[in-house]
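Undergrad: okay, sequence plus prediction incoming.
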Amino acid sequence: MRPSKIFIVRHGESEGNIDKSVYGTKPDYAVRLTPKGIEQSFEAGKCLVSRMVDNGEGKKNCIIYHSPYTRAIET
């Protein structure tokens, strides 16, 4: 079955977005979201849910593919 919609979302604001020097102390995959990035992620989630298609049973199903990086998982 083909998806009816595909959404592409970038991670929320990360520590590396506001301070590039963080890459000198943390590996790229371990860089976390900032408080603002967490807030952005919640807003993105609300937006996505509002655009998802009902499966006919009152539910909205989805499959999420994401990077293994911490900031992507947090988003």
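TA: Perfect, thanks for sending it. Residues are numbered from 1 along each chain as shown.

Undergrad: show me which residues of the longest helix anywhere in the chain are buried.
TA: For the chain, the helix with the greatest residue count under DSSP state H is helix 35-51. For helix 35-51, a neighbour-count test (16 or more other CB atoms under 10 Å) marks 37, 40-41, 44 as buried. All C-beta atoms are positioned from the backbone trio N, CA, C, and that covers glycine.

Undergrad: redo those as JSON lines? Include pLDDT and distance to Asp28.
TA: Converted to JSON lines, the buried residues of helix 35-51 look like this (pLDDT from 0 to 100; distance: CB to CB, whole Å):
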{"residue": "Gly37", "pLDDT": "97", "distance to Asp28": "15"}
{"residue": "Gln40", "pLDDT": "97", "distance to Asp28": "20"}
{"residue": "Ser41", "pLDDT": "96", "distance to Asp28": "19"}
{"residue": "Ala44", "pLDDT": "94", "distance to Asp28": "21"}
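
Undergrad: so what's Lys36 closest to, chain neighbours aside?
TA: Residue nearest to Lys36 in three dimensions, not counting chain neighbours: Glu13, with 4.8 Å by CB to CB, 6 or more residues apart in numbering.

Undergrad: the one you found: neighbour count?
TA: 19 (other CB atoms under 10 Å).

Undergrad: for it, give me its contacts.
TA: 33-34, 36-37, 40 (CB atoms under 8 Å, 6 or more residues apart in numbering).

Undergrad: out of the buried residues of helix 35-51, which one sits closest to Arg71?
TA: Nearest to Arg71 out of the buried residues of helix 35-51 is Gly37 (CB to CB; 7.1 Å).

Undergrad: other SSEs contacting the longest helix of the chain?
TA: Applying 3 or more CB pairs under 8 Å, 6 or more residues apart in numbering; DSSP states H and E, we find helix 35-51 packed against helix 70-74.

Undergrad: which residues sit against the helix it packs on?
TA: By CB under 8 Å, 6+ apart, helix 70-74 touches 11-12, 14, 29-33, 37-38, 41, 66-67.

Undergrad: what sits against Tyr29?
TA: So Tyr29 contacts 68-70 (CB under 8 Å, 6+ apart).

Undergrad: wait, is it part of a helix?
TA: Yes: secondary structure of Tyr29 (DSSP: H, G, I helix; E, B strand; the rest coil): part of a helix.
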